[in-house]
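1. I would like the atomic coordinates for the input below:
(chains A and B)
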Amino acid sequence: MSATAQTAVQGEAKARSLRLWITAGPGLFWVVLFLLIPSAVLLGIGFFTADDYGTPVLPLTTTPFGQVAGFSPLGWDDGNIVILLRSLQQALVATLVSALLAYPIVFFIMTRAAAIRPLLLLLIILPSWTNQVVRTYAWLELMGPNAPLTWVAHALGIVPVHLGIAPGAFAVTTGLAYNYLPYMIVPLYASAERLDWTLVEAGRDLYAKGFGLFWHTVFPQTVPGLLSGVIFVAIPAFGDYVVPQLLGGDKELMIGSLVANQFTETPDWPYGAALTIIMLVFTGAGLVAFRLLTRKLGGADEATI
Amino acid sequence: MSNVVPRGVRAALSGISWPVYILLYTPLALVAYYSFAPAPNQLGHSLHGYGVLMRDGSVGAALRRSLILAFASAVVSTALGTLLGYGLSRFRVPNARGIAANIPSLIIYTPIIMPSLVFGISELIFFNFVHSYTGLLGAGLSTMVIAHITFQVPYIALTVFARLAGLDQNLFEASHDLYANGVKSFFFLTVPVVRPAIIGGFLLAITLSIDDFTISFFTAGPGSVTLPIYIYGAIARKGISPEINALGTLMIGTVMVLAIGQFAFTRIREGRAKLIPE
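-> All right, here's what the predicted structure looks like:
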């Protein structure tokens, strides 16, 4: 290659990298400045000491993590462990409920005429476009004290007469499943749309029937969508703030409310930051497990950058 | 394809699905029904709740703030996100392999994956620090706009990227051969091609902004109460009331009308596009 051609190639490469930074730079810079740096600051605060106002001061310490584990000057308390386990349980049950409902709905839509499928899908997504506070508040009117579903629960003797279903654990699960069901249905529908039905026919020719037929021919093909749905539901449900606040009350405190309280009602920033770190560790562990599972089960063919 | 599904299974699918559809809309319908109650949990019809709403000046102010927030953030994030999606689809990070080459996508996915509570609190602390050291960015509408732009940018970038990823790269060569420089080919090739993605991204950004509560809640100041924050505060203060139901009804109704209108609009356009021979 001649010297001039080489400089031309180098010049071209330089121009391309310059163009990349001019176009992608501002957006990336924005996210780094206004999200990555702030979250790094938040995580760092977890290692500071809280002063009397709950603001972080030196020296560096691991006391906040002791607080997370339940240690305080008064001794050890299992409150935080209970809250963490409750959040995990609520997220898991909400995810399971959404998945169990999503399968019949997705295949219900798939078996309808092609022309009305987009409409049926839209009807699933539509409620999630209203604000989360309004959506959650709506359930309060169905399950709060002196509300229609509560009357039914009273009649069946499930709930004491002077109480409502909300606030309570069942109301939180319902609220979470309601809020995040569309996030399960949409990815699952995307994988069901690409389903290879000839495999189903082949299975039937080999005398597979009923649930066995579904389990061996349909289910494996929908695993990528299911796993995406699990991530889209479990992660936000685990850290949700609005649903446990409005439908759970003080007895059903979840980790989101516990974190938020450290920055609003009774400020203790280092403790709140340490709680956030634990929350992110669990979220991260879930994501890693998801990556490993998708690799093993051969999914993750979604278009990614 | 789906004719493989036997009739009995179809019936079972319908039997499960229709009740879920009804359940999805029951709570929303109940909000609308109770909005006409004369007082909380009382039966009867009255426009009392709507009257209270109209006389309450703070609701109008909150609505105005919500709209300013949605539009201002969507405009900026659409510009940033479109450029970002375009840049990432056209150019690669030079001399980068492995993790280094993935840095842009890691940055883009962070706001999507991060729990919104962590997102909101990070912003709260950051703005608080910036404000105490520089006096800039006190909590208010401006900090909310910044936070909303931050969570909208990745969605727009991904939408635009997805559209451009399917585009024949030779088109850019062709425009180059026809003496279009970078700026010209951006405006005369890229922009027309991605216009649907840009419009879709802009609408998505507005939807995301209107739907958000948690991030808004932690970045708002005392003078920047938007509609969701107003409703949340009202529920915390006095529980269920006809005027909150009235406000909720108006919000639900607006979203429904807009969504169905948009759906019908795209259907009609698609229908028309089919009539034009290619």
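2. List the buried residues of stretch A:263-283.
-> Neighbour counts over stretch A:263-283 (16 or more other Cβ atoms under 10 Å in any protein chain shown) mark A:263, A:268-280, A:282-283 as buried. Bear in mind the C-beta positions are built from the backbone N, C-alpha and C, glycine included.
3. can you narrow the residues you listed to ones near chain B?
-> Counting by Cβ under 8 Å from any Cβ of the partner chain, A:263, A:269, A:272, A:276, A:279-280, A:283 from these sit close to chain B.
4. would you list those residues in TSV and tack on secondary structure and pLDDT?
-> Formatted as TSV, those follow (DSSP: H, G, I helix; E, B strand; the rest coil; pLDDT from 0 to 100):
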residue	secondary structure	pLDDT
A:Phe263	coil	84
A:Trp269	helix	85
A:Gly272	helix	87
A:Thr276	helix	89
A:Met279	helix	86
A:Leu280	helix	87
A:Thr283	helix	85
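5. Turn those residues into a markdown table, columns for distance to A:Glu193.
-> Listed next are those as a markdown table, based on distance: Cβ to Cβ, whole Å:
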| residue | distance to A:Glu193 |
| --- | --- |
| A:Phe263 | 43 |
| A:Trp269 | 47 |
| A:Gly272 | 43 |
| A:Thr276 | 38 |
| A:Met279 | 34 |
| A:Leu280 | 33 |
| A:Thr283 | 29 |
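6. Which two of the residues you listed have the greatest separation?
-> A:Trp269 and A:Thr283 (20.3 Å; Cβ to Cβ).
7. for chain B, what are the nearby residues on the stretch 151-300 of chain A?
-> Counting by Cβ under 8 Å from any Cβ, the residues of the stretch 151-300 of chain A that sit close to chain B are A:178, A:181, A:195, A:197, A:200-201, A:204, A:235-236, A:238-242, A:246, A:256, A:259-260, A:263, A:269, A:272, A:276, A:279-280, A:283, A:287.
8. Please pick the buried ones from those residues.
-> A:178, A:181, A:195, A:197, A:200, A:235-236, A:238-242, A:246, A:256, A:259-260, A:263, A:269, A:272, A:276, A:279-280, A:283.
9. residue contacts, the residue nearest in space to the middle of chain B?
-> By Cα atoms, centre = their mean, chain B has its centre lying nearest to B:Leu208, at 1.9 Å. Counting by Cβ atoms under 8 Å, 6 or more residues apart in numbering or on different chains, B:Leu208 makes contact with B:148, B:151-152, B:155.
10. just these now: which is nearest A:Pro127?
-> Nearest to A:Pro127 among the contacts of B:Leu208, with distances taken as Cβ to Cβ, is B:Tyr155, at 19.7 Å.
11. For the closest one, give its distance to chain A.
-> As judged by Cβ to the nearest Cβ, to the nearest Å, B:Tyr155 and chain A stand 12 Å apart.
12. Give me the neighbour count for that residue.
-> 20 (other Cβ atoms under 10 Å in any protein chain shown).
13. tell me which element it falls in.
-> helix B:141-165 (DSSP states H and E).
14. buried stuff in that helix?
-> B:141-164.
15. B:Phe36 falls within a strand, correct?
-> No - looking at B:Phe36 with DSSP: H, G, I helix; E, B strand; the rest coil, it is coil, so not inside a strand.
16. That one reaches B:Leu47, doesn't it?
-> Yes - counting by Cβ atoms under 8 Å, B:Phe36 touches B:Leu47, with 7.1 Å between them.
17. ranges for the helices of chain A?
-> Under the criterion DSSP state H, chain A contains helices at A:3-31, A:37-45, A:63-69, A:79-110, A:117-125, A:132-143, A:148-156, A:169-193, A:197-205, A:210-213, A:219-238, A:242-243, A:255-261, A:269-297.
18. and the ones you listed, which one's lowest on average pLDDT?
-> Lowest mean pLDDT of the helices of chain A: helix A:63-69, a mean of 72.
19. Check which helices and strands that helix sits against.
-> Other elements packing on helix A:63-69 under the criterion 3 or more Cβ pairs under 8 Å, 6 or more residues apart in numbering or on different chains; DSSP states H and E are helix A:79-110, helix A:269-297.
20. Thank you, goodbye.
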